[in-house]
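Student: next input, structure requested:
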Amino acid sequence: MKRGDQYHKWVEWSDEDQAYLGLCPDLITGIHGDDPVQVYRELCEVVDEVIEACDREGRSLPPVKVRPMREVA
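Tutor: Numbering: from 1, shown residues only. Purely as a prediction, here's the structure:
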């Protein structure tokens, strides 16, 4: 499992923004776009980049706080 996999990520539609929002509240405020699959792909890339930047700068990662409502079997 990649380190970024421990952080909960999701994509949802925003009527206000008229776009899909990619969210990972433990690490970033989010990204947006027109294609939900592309937004999720980019979200995963941004999360990995944030983790790499923290490593380069010697900063520790924030703890995982946001979790799905239930585990999927």
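
Student: run through the strands of this structure in chain order.
Tutor: Listed in chain order, the strands of the chain (DSSP state E) span 10-14, 19-24, 28-33.

Student: what's the most buried one of those strands?
Tutor: Most buried of these, by mean neighbour count (mean count of other C-beta atoms under 10 Å): strand 19-24, with a mean of 20. For every residue, glycine as well, the C-beta is placed using N, CA and C.

Student: tell me the strands beside it, with direction?
Tutor: strand 10-14 (antiparallel), strand 28-33 (antiparallel) (DSSP bridges).

Student: hmm, who's touching the last one?
Tutor: This points to strand 28-33. When contacts are defined by C-beta atoms under 8 Å, 6 or more residues apart in numbering, strand 28-33 is touched by residues 14, 17, 19-24, 39, 42-43, 46-47, 50.

Student: tabulate the CA atom coordinates of it in PDB.
Tutor: What follows is strand 28-33 as a C-alpha-only set of coordinates in PDB (Å, rounded to 0.1, in the frame of the first residue of the first chain):
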ATOM      1  CA  ILE A  28      -5.200  19.300   0.900                       C
ATOM      2  CA  THR A  29      -8.300  21.500   0.400                       C
ATOM      3  CA  GLY A  30      -9.100  19.900  -2.900                       C
ATOM      4  CA  ILE A  31      -9.200  20.200  -6.700                       C
ATOM      5  CA  HIS A  32     -11.900  20.500  -9.300                       C
ATOM      6  CA  GLY A  33     -12.800  19.600 -12.900                       C
END
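
Student: so which of the contacts of strand 28-33 is the closest to residue 4?
Tutor: Using C-beta to C-beta, the shortest approach to residue 4 within those belongs to residue 47, at 4.4 Å.

Student: look up how far residue 17 lies from the closest residue to the closest one other than its chain neighbours.
Tutor: In space, residue 47 comes closest to residue 4 once its chain neighbours are excluded; the distance is 4.4 Å by C-beta to C-beta, 6 or more residues apart in numbering. With distances taken as C-beta to C-beta, to the nearest Å, residue 4 is found 24 Å from residue 17.

Student: neighbour count: those two, which is higher?
Tutor: When residue 4 and residue 17 are compared for neighbours, residue 4 comes out ahead with 20 against 9, by other C-beta atoms under 10 Å.
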